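*Asks:* model the following, please.
(chains A and B)
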Amino acid sequence: MHTIIIKSLLVITLGFSAWSFAVAGNTNAALKEINLLSEQGNQAAALEKVNTYLSANPKDAEALFMKGVILVEQGKRDDAIKAFVDLTEKYPNLPEPYNNLAVLYADQGQYDKARKALETAIKTHPSYATAHENLGDIYARLASEAYDKAFKLDTSNARAQGKLSLITDLFGGKAGAGKTTVAAKEPAKPVEMAKPTTTTKLAENKKPEVAKPEVTKPEPSKTTDTATNDEASLLNAVNAWAKAWSDQNVDQYLASYADSFKTPKGESRKSWEAMRRDRVSRPKSIAVEVNDPKVTIESADKAKVQFSQRYVANGKPQGTRKTLTMVKVGGNWLIEQEVAGR
Amino acid sequence: MLRFKYLSAVMLLLGAVLPWNATAINQEGLASRFLAQKYSANIIESMLAKTLMEIKQGKTGDALDTVNQLIQTTPNFNLAYLIRGDLLASRARMLSGFGDTFVKDPRQVEDLKEEAEKRLESYLAKNKDHLQPNLLIQLDQSQRYAVVVDTSKSRLFLYAKQEDGQLKYISDYYVTIGKNGIDKKAQGDKRTPLGVYFAASKLNRPLPDMYGEGAYPLNYPNEIDVYEKRNGSGIWLHGTPTDTYSRPPRASDGCVVLSNPDLKTLHPILNRGNTPVIIANNVEWLVDTSGDVQAQQKQSLQAAIEAWRKDWISQDSDAYLSHYSPQFFYSDGDFKKWASYKRSIQLRKPKVDVGIDKLSMFTYPNAQKPMVVVNFEQDFRSASLQNRMKKRQYWINENNQWKIIYEGAA
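*Replies:* Modelled structure (predicted):
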């Protein structure tokens, strides 16, 4: 679960000059202090201060938003929902409160409500990347719920697990370092001002040279055993895979997968390869971006790389979370498992 | 508004389901038919068809709305959930086909796909004028309805008798038949028998949840089944478990299964009892002109029955026995035994009278030789005996002559 909750309200005022929104970076000192308290984990004090602030400035969007986030941090989900609903009523054009509402609804298993909230956010801000990403996640969960009902699967366990992992995600910043999915500070961009989203492309300059058209194995990693080296070579391997995919170099792409690769539906390697060969070669163009990668090294020859994947085929974009389980074979990191939507 | 639309993938889903002629259907016609059927029993199928047509047209958003509506009116409709799953999943990832999710038993997806195909095929077929089965069906005075099940289409057709005795198509319903198909032979073979059966009124005793709205037992094995050494029992018309709107086309242990709402609709009809249920594979439909053939057959059989009655009254054993096939059988034995028994009681030519009324006739489907099940009430009077009984005979057509192959009390 990687539903992202937004912690900062980055409002771009679109000709609402009459409105005195606090624009990011312009946040006044009182709010900055509250934010700091919250970031330090002192939620009770932060809440008290934000309430005081709100009694003087009851319509301050940023303060209202901050209150919602503090309530989430305190685990007061219902109160947080109320706060965000209140905000959407006062400022229906702000996408962030909808996004956070969606995350909270999803946490309660109310995926349809979550979907509606995100769709509202996207309606006003079509290029709002976080909402798109979360929406993809919600669609996937709704789909899986529908499939479960279609086959009368008992999902009570799965759902409980889903909730737990969401909670871990929300508090990931504190519970386990490096695993956090909170606090993506992606600004919502109104259509008129659409700019390319700032995505962290990973290690682009370190991409191994790929000799074409011959198949080359990804660059072997240096024999040093340090985690940083492994991390770099893992990222290199993932980048090479994404590049081969983007270049529609099918042989190179398939060479990124280990012999031990677990095909997604348990089909034979042969039929999986045939399917991928078709899918990768068919579109006129493909662009695959690997954004925001997180490497978890599990052992000397096993690691996980999680990232958000932006896949554009024939101009149609598709965002998904992806986890690659990598194994080191003969000095090369190869893909053993590819899981989308987690 | 930016939307994730992966039409090609969704089209793939649909391509697997829509039959050959789906694109030829006039879209407006479909829409108006959808409205017209709003209050009919088949609203659910219209909504399903509407969903699939919307997908076909690329209106995946509308399709999702329609399927959501469908789920709201019909909770527990597994197929609807699968389509909803596909529609949602197509927004999150590429689909590779209908029911693109992992299930341990891929047969489960195949089952639902087959259900979609069967339902849609039948729904679209309704655009043609409605149809009389090419089967001789004559109801008696007390019977008002006849049921024809076409196992190849997973469909139950309901006919009502009009004043002129002709049958009129009323409605048709999706059904589930045996897991292993048709032509039941033995206990536990999970097949549905083909033949002419009569459904009794609703079973009164409490039944397990799997029978749903209720059960109407059929008289399988009938006399011909027993003669052909078919066994097994408990072939019923029944409903679905409460948590399931409908089951795949082939899923029962041999019973004919209807959805609970459909069975409820049929309850007033079936509960009259003695409902003829003709279970056939690949029912042939009457083309306009072939009605005459049915009428001729009916006349010739009626004439044969009348001749049999008169020869019985005449007590001319040779003439009387000429109506029986050499393969004749009855509860006590074969033709030889029947002949000697009849000759002995007809020896002194006692004065008898035989009246026949409440005559019904039903073609036995998928039989090797033309065969008709004949039921009537027989009024027998002699000096020593006055007896009214329900009788059943099976008549076969051999060398263009009707002969009795079975006779007994019904």
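*Asks:* what's the most centrally placed residue in chain B in contact with, if anything?
*Replies:* Nearest residue to the geometric centre of chain B (Cα atoms, centre = their mean): residue B:149, 1.5 Å. Shown in contact with residue B:149 (Cβ atoms under 8 Å, 6 or more residues apart in numbering or on different chains): B:155-157, B:175, B:177, B:256, B:277-280. C-betas here are computed from N, CA, C, even on glycine.
*Asks:* element containing it, please.
*Replies:* Element membership for residue B:149 (DSSP states H and E) is strand B:145-150.
*Asks:* now do the buried residues in the very next helix or strand once past that strand.
*Replies:* As assigned by DSSP H and E, the chain's next helix or strand after strand B:145-150 is strand B:155-161. Across strand B:155-161, burial judged by 16 or more other Cβ atoms under 10 Å in any protein chain shown covers B:155-159, B:161.
*Asks:* would you reformat these as CSV and include distance to chain A and pLDDT?
*Replies:* Formatted as CSV, the buried residues of strand B:155-161 follow (distance: Cβ to the nearest Cβ, whole Å; pLDDT from 0 to 100):
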residue, distance to chain A, pLDDT
B:155, 22, 95
B:156, 24, 95
B:157, 28, 93
B:158, 29, 93
B:159, 34, 93
B:161, 41, 93
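*Asks:* now the helix or strand that contains residue A:134 - C-alpha only, CSV.
*Replies:* Using DSSP H and E, residue A:134 sits in helix A:129-150. This file holds the C-alpha atoms of helix A:129-150, laid out as CSV (Å, rounded to 0.1, in the frame of the first residue of the first chain):
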residue,chain,number,x,y,z
ALA,A,129,0.1,13.5,-10.1
THR,A,130,-0.3,12.3,-6.6
ALA,A,131,-4.1,12.0,-7.0
HIS,A,132,-3.6,10.0,-10.2
GLU,A,133,-1.2,7.7,-8.6
ASN,A,134,-3.5,7.2,-5.6
LEU,A,135,-6.4,6.7,-7.9
GLY,A,136,-4.6,4.0,-9.8
ASP,A,137,-4.1,2.3,-6.5
ILE,A,138,-7.7,2.7,-5.5
TYR,A,139,-8.9,1.3,-8.8
ALA,A,140,-6.7,-1.6,-8.3
ARG,A,141,-8.1,-2.2,-4.9
LEU,A,142,-11.7,-1.8,-6.1
ALA,A,143,-11.0,-4.2,-8.9
SER,A,144,-9.5,-6.7,-6.5
GLU,A,145,-12.5,-6.4,-4.3
ALA,A,146,-14.8,-7.0,-7.2
TYR,A,147,-12.8,-10.0,-8.4
ASP,A,148,-13.0,-11.4,-4.9
LYS,A,149,-16.7,-11.1,-4.9
ALA,A,150,-16.9,-12.6,-8.4
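*Asks:* what is that helix packed up against?
*Replies:* Secondary-structure packing of helix A:129-150 (3 or more Cβ pairs under 8 Å, 6 or more residues apart in numbering or on different chains; DSSP states H and E): helix A:95-107, helix A:111-124, strand A:316-329, helix B:78-92.
*Asks:* mean confidence score for that helix?
*Replies:* Across helix A:129-150, the average pLDDT comes to 84.
*Asks:* and the helices in the chain, which stretches?
*Replies:* Defaulting to chain A. A:29-39, A:43-56, A:61-73, A:77-90, A:95-107, A:111-124, A:129-150, A:156-170, A:172-175, A:227-246, A:250-254, A:269-281 (DSSP state H).
*Asks:* hm, I was asking about chain B
*Replies:* B:7-15, B:27-36, B:43-56, B:60-73, B:78-92, B:107-125, B:223-227, B:260-270, B:291-314, B:317-321, B:335-346.
*Asks:* would you list those in a markdown table and tack on mean pLDDT, mean neighbour count and distance to residue A:112?
*Replies:* Shown next, in a markdown table, are the helices of chain B (pLDDT from 0 to 100; neighbours: other Cβ atoms under 10 Å in any protein chain shown; distance: least, Cβ to Cβ, whole Å):
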| stretch | mean pLDDT | mean neighbour count | distance to residue A:112 |
| --- | --- | --- | --- |
| helix B:7-15 | 47 | 18 | 20 |
| helix B:27-36 | 42 | 12 | 25 |
| helix B:43-56 | 90 | 22 | 17 |
| helix B:60-73 | 93 | 18 | 9 |
| helix B:78-92 | 92 | 26 | 10 |
| helix B:107-125 | 91 | 20 | 22 |
| helix B:223-227 | 95 | 17 | 52 |
| helix B:260-270 | 94 | 19 | 25 |
| helix B:291-314 | 91 | 15 | 54 |
| helix B:317-321 | 96 | 16 | 75 |
| helix B:335-346 | 96 | 14 | 71 |
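*Asks:* just put those in TSV and tack on distance to residue A:329.
*Replies:* Output for these, formatted as TSV (distance: least, Cβ to Cβ, whole Å):
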stretch	distance to residue A:329
helix B:7-15	33
helix B:27-36	55
helix B:43-56	43
helix B:60-73	41
helix B:78-92	31
helix B:107-125	34
helix B:223-227	64
helix B:260-270	56
helix B:291-314	74
helix B:317-321	88
helix B:335-346	81
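*Asks:* quick one: closest of those to chain A.
*Replies:* helix B:78-92 (3.6 Å; Cβ to the nearest Cβ).
*Asks:* and stretch A:243-262, how far apart are its ends?
*Replies:* 22 Å (Cα to Cα, to the nearest Å).
*Asks:* distance of residue A:329 from residue A:251?
*Replies:* The gap separating residue A:329 from residue A:251 is 17 Å, by Cβ to Cβ, to the nearest Å.
*Asks:* and residue A:332, by the same measure?
*Replies:* In terms of Cβ to Cβ, residue A:332 sits 15 Å off from residue A:251.
*Asks:* for residue B:319, same thing?
*Replies:* Distance of residue B:319 to residue A:251, computed by Cβ to Cβ: 88 Å.
*Asks:* that older thread, dump the contacts of residue B:149 to TSV, plus distance to residue B:168.
*Replies:* Shown next, in TSV, are the contacts of residue B:149 (distance: Cβ to Cβ, whole Å):
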residue	distance to residue B:168
B:155	17
B:156	16
B:157	11
B:175	21
B:177	25
B:256	22
B:277	18
B:278	16
B:279	21
B:280	19
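*Asks:* residue A:332 and residue A:251: which has the busier surroundings?
*Replies:* More neighbours surround residue A:332 than the other of residue A:332 and residue A:251, with 20 against 12 (other Cβ atoms under 10 Å in any protein chain shown).
*Asks:* give me the beta-bridge partners of the closest residue in space to residue A:293 that isn't next to it in sequence?
*Replies:* Take residue A:293 and drop its neighbours on the chain: the residue closest to it by Cβ to Cβ, 6 or more residues apart in numbering or on different chains is residue A:307, 4.0 Å away. For residue A:307, the beta-bridge partners are residue A:322 (DSSP bridges).
*Asks:* pretty sure residue A:307 is touching residue A:289, no?
*Replies:* No: if you go by Cβ atoms under 8 Å, residue A:307 and residue A:289 don't touch, sitting 9.2 Å apart.
*Asks:* let me see the contact set for residue A:327.
*Replies:* A:258, A:260, A:301-302, A:333-334, A:336.
*Asks:* most surrounded residue in the residues you listed?
*Replies:* That'd be residue A:333 among these, by other Cβ under 10 Å, with 29 neighbours.
*Asks:* how much space separates that residue from chain B?
*Replies:* Residue A:333 sits 25 Å away from chain B, going by Cβ to the nearest Cβ, to the nearest Å.
*Asks:* for that residue, which residues make a bridge with it?
*Replies:* Bridge pairing for residue A:333 - DSSP bridges - gives residue A:328.
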